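Asks: Could you work out the structure for the sequence below:
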Amino acid sequence: MEQHLCMPLESRKRAIRRLAIAKGHLESIQKMLENPDVYCVDVLRQIKAVQGALQGAGEVVLRGHLEAHVATAAARGDTTEMVDEVMEAIRLH
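Replies: Numbers count the residues shown, from 1 in each chain. A predicted model of the protein is given here:
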């Protein structure tokens, strides 16, 4: 089973962009929490924005993996391993 990142460059760029957005929101949250006058709901909104950006990045990476590896698993003969790997990666905890 291949263990390298071979998603299309455009997918990588989209994932990087979404992570940069999440990073910006995280930095904003940290600054907000240093301000004693910040409104709690504003912090919660920023946290939700980070979660959304991370979820979006995860979806881009997952789609790239599905297209690059899982869709071709039958031809390689490792369908079960690929499905197990994806299920473990996306398992809800």
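Asks: buried residues in stretch 25-37?
Replies: Within stretch 25-37, the residues that qualify as buried are 25-26, 29, counting by 16 or more other CB atoms under 10 Å. C-beta: built from backbone N, CA, C; applies to glycine.
Asks: Using CSV, list the CA coordinates for that stretch.
Replies: Coordinates of each C-alpha in stretch 25-37 appear next as CSV, following Å, rounded to 0.1, in the frame of the first residue of the first chain:
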residue,chain,number,x,y,z
HIS,A,25,-9.1,32.4,13.0
LEU,A,26,-7.1,30.7,15.8
GLU,A,27,-4.8,33.7,16.1
SER,A,28,-7.9,35.9,16.2
ILE,A,29,-9.3,33.8,19.0
GLN,A,30,-6.1,34.0,21.0
LYS,A,31,-6.0,37.8,20.7
MET,A,32,-9.7,38.1,21.6
LEU,A,33,-9.2,36.1,24.8
GLU,A,34,-6.4,38.5,25.9
ASN,A,35,-9.0,41.2,25.8
PRO,A,36,-11.1,41.3,29.0
ASP,A,37,-13.9,43.1,27.2
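Asks: before we move on, the earlier item: from the buried residues of stretch 25-37, which single one is nearest Gln55?
Replies: Proximity of those to Gln55 (CB to CB) peaks at His25, which lies at 12.6 Å.
Asks: how about the closest one, what does it touch?
Replies: Going by CB atoms under 8 Å, 6 or more residues apart in numbering, His25 touches 46, 49-50, 53.
Asks: From the chain's centroid, how far away is the worst-scoring helix or strand of the chain on mean pLDDT?
Replies: Here the helix or strand of the chain ranked lowest by mean pLDDT, DSSP states H and E is helix 73-76, holding a mean of 82. On the basis of CA atoms, centre = their mean, to the nearest Å, helix 73-76 sits 25 Å off its chain's mean C-alpha point.
Asks: sorry, back to before: in a markdown table, list the buried residues of stretch 25-37 along with secondary structure.
Replies: Formatted as a markdown table, the buried residues of stretch 25-37 follow (DSSP: H, G, I helix; E, B strand; the rest coil):
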| residue | secondary structure |
| --- | --- |
| His25 | helix |
| Leu26 | helix |
| Ile29 | helix |
